[in-house]
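Q: No sequence on hand, only this structure:
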């Protein structure tokens, strides 16, 4: 089944936008939103 939407707001206790993981997630298809990075599956 499909996930629907998945939003990542934090990584290692910090906002995802301040994380080096953000660039990797964006390269994998996540899109920035006001709450974090989101992907639609």
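A: Sure, I can see it. What you see is a predicted model, and the numbers here were worked out from it, not measured in a lab. Residues are numbered from 1 along each chain as shown.

Q: Tell me where this protein has helices.
A: With DSSP state H as the criterion, the chain has helices at 21-27.

Q: Now do the contacts for the residue nearest the centre of it.
A: Compute the mean C-alpha point of the chain, and by CA atoms, centre = their mean the closest residue is residue 37, 2.9 Å away. Contact partners of residue 37, counting by CB atoms under 8 Å, 6 or more residues apart in numbering, are 7-8, 16, 22, 25-26, 30-31. Quick note: C-beta positions are derived from backbone N, CA and C, even for glycine.

Q: Drop anything exposed from those.
A: Buried by 16 or more other CB atoms under 10 Å: 8, 16, 22, 25, 30, out of these.

Q: Run through the residues that contact residue 33.
A: Contacts of residue 33 (CB under 8 Å, 6+ apart): residue 7.

Q: bridging residues for residue 15?
A: residue 10 (DSSP bridges).

Q: and it, how many neighbours does it have?
A: Counted by other CB atoms under 10 Å, the residues lying close to residue 15 total 12.

Q: just the one 4 residues further on next, same as before
A: Burial measure for residue 19: 17 neighbouring residues, criterion other CB under 10 Å.

Q: separation between it and residue 4?
A: 23 Å (CB to CB, to the nearest Å).

Q: Tell me if I'm right that residue 39 and residue 31 touch.
A: Yes - between residue 39 and residue 31 there is a contact at 7.2 Å, judged by CB atoms under 8 Å.

Q: returning to what we had before: chain neighbours aside, what residue packs nearest to the residue nearest to the centre of the chain?
A: Of all residues not flanking residue 37 in the chain, residue 30 sits nearest, at 3.9 Å (CB to CB, 6 or more residues apart in numbering).
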